[in-house]
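In: Pasting a predicted model and its sequence here:
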Amino acid sequence: AADGQDVRPVEVDEFQIGNAETYDVIVQPTEERAFTIVSEAVDRSGMGRATLAPRAGMTAPVPPLRERPLATMKDMGMDMSSMPGMNMGGSGAMAGMDHGAAGHDMAAMPGMAAMQGMAAAPGLAAQKPRGSDAMGDMGGMKMSMRDPQNAPGVKLGPGVQTIAPMPMDRTGEAGQGLESVGHRVLVYKDLIALTPSSDPRMPTRALDIHLTGNMERFMWGFDGLKFSETSKPYTFEEGERVRVTLINDTMMAHPIHLHGHFFELAHAPPGHGPRKHTVIVAPGGRVSWDFTADPGDWAFHCHMLYHMHAGMFQVFSVRPLDGGAA
Ligand SMILES: [Cu+2]
């Protein structure tokens, strides 16, 4: 089960879990010996260790902490993977970059000079558009990391350090640092609800919500605003079926949590989206889910509580309330 809701069983060796997510796991040892179960912080700053053994007092080797993952261009919301001739190895130059540079055009970033020549890469013009004119600048490789045209609904202020120019669906990818671990890693697309949804209707409305932030100032919010700056909640009608797309304009993952509902991730066959209350949105990534609005005022926030307290919080307001006036 994921977030307490049944899913089709998946066999994996490792999974990444966000704050407030839950997974039910069945461990099946194949030998009568001790096994170490490791939980590792995403920044590889430490680990927890448990031992599964047939008898008390047994232990198994503990693996060393793995290398700290570095952010890539993908984490900046740039999808270079589909560009023929583009050497993604070059993104190593971007890794470990000072986040202070992230507010500027890529051309100004260290290591990006090499990219200038890539404007001539064959097939560049055929890069798939993402529903806006974001690609207009690609010819000259002036892909802005803070172009308001890439997020018209976002209030541009100091709380918005970057806007992902090409956010992509990363629900089929292993989490940060788990890209090449050499064993099976759970991805969201593995999760399929065991039983059909109780509401098979297609969404009648789409809502984009941008996850925004400024790492240096420790500012976090939705659509460019911390909660204390917002003037109105996200509003829904009772029973309304809505497709929400979370777009992560920041360079770190956020586990986003909605109270009072289970939403259904949109990757699965109709009616079988895994029902969750929390979903990790990868840096530079986007996640879509459908939900049926239930009357009330529901907290909606990043479940890293220090982000929530900094402002990454909003309210889903669903009206009319039961028995109340419309
Ligand atoms: Cu967060």
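Out: Here it is on my side, so go on. In this text, all values refer to a predicted model and were calculated from it rather than measured experimentally.
In: is it true that Arg183 touches Glu14?
Out: That one is not Arg; residue 183 is His. Yes. Between His183 and Glu14 there is a contact under CB atoms under 8 Å: 6.3 Å. The C-beta positions use only the backbone N, C-alpha and C, and glycine is treated the same way.
In: contacting residues around stretch 215-233?
Out: Applying CB atoms under 8 Å, 6 or more residues apart in numbering, the contact partners of stretch 215-233 are 99-100, 102, 151, 153-161, 209-213, 250-252, 297, 300, 302, 307-308, 310-317.
In: Next, check those residues against the helices and list the overlap.
Out: The members of the contacts of stretch 215-233 that map onto helices under DSSP state H are His307, Met308, Ala310.
In: Of those, which ones also sit close to the ion?
Out: Among the ones in helices among the contacts of stretch 215-233, proximity to the ion is found for His307 (CB under 5 Å from the ion).
In: Nearest to the ion among the ones in helices among the contacts of stretch 215-233?
Out: Closest approach between the ones in helices among the contacts of stretch 215-233 and the ion, by CB to the ion: His307, at 3.2 Å.
In: which residues sit in contact with Ser197?
Out: Taking CB under 8 Å, 6+ apart as the test, what Ser197 contacts is Glu264, Gly271, His272, Gly273, Arg275.
In: same thing but at 6 Å, please
Out: Residues in contact with Ser197 (CB atoms under 6 Å, 6 or more residues apart in numbering) are Glu264, Gly271.
In: Surely it forms part of a helix?
Out: No. With DSSP: H, G, I helix; E, B strand; the rest coil as the criterion, Ser197 is assigned coil and is not in a helix.
In: Please tell me how far it sits from the ion.
Out: 28 Å (CB to the ion, to the nearest Å).
In: neighbours of the residue lying closest to Gly311 once chain neighbours are set aside, just the number please.
Out: Using CB to CB, 6 or more residues apart in numbering and skipping the chain neighbours, the partner closest in space to Gly311 is Lys226 (2.3 Å). Residues lying near Lys226 (other CB atoms under 10 Å) number 20.
In: Tell me the confidence at Lys226?
Out: We have a pLDDT of 97 for Lys226.
In: Same question for Met112.
Out: Note on Met112: pLDDT of 37.
In: and if you look at Lys74?
Out: Taking Lys74 on its own, its pLDDT is 88.
In: do the one 3 residues further on as well
Out: The per-residue pLDDT reported for Gly77 equals 87.
In: circling back: just want to know which of His183 and Glu14 has more residues nearby.
Out: Taking other CB under 10 Å, His183 and Glu14 do not tie; Glu14 has more neighbours (14 against 8).
In: isn't that one right next to Val185, touching?
Out: Yes. Contact status for Glu14 versus Val185: in contact at 5.0 Å, counting by CB atoms under 6 Å.
In: I'd like to know how many residues surround the closest residue to Leu178 other than its chain neighbours.
Out: Leaving aside its chain neighbours, Leu178 sits nearest to Val185 (4.8 Å; criterion: CB to CB, 6+ apart). Applying other CB under 10 Å, we find 18 residues neighbouring Val185.
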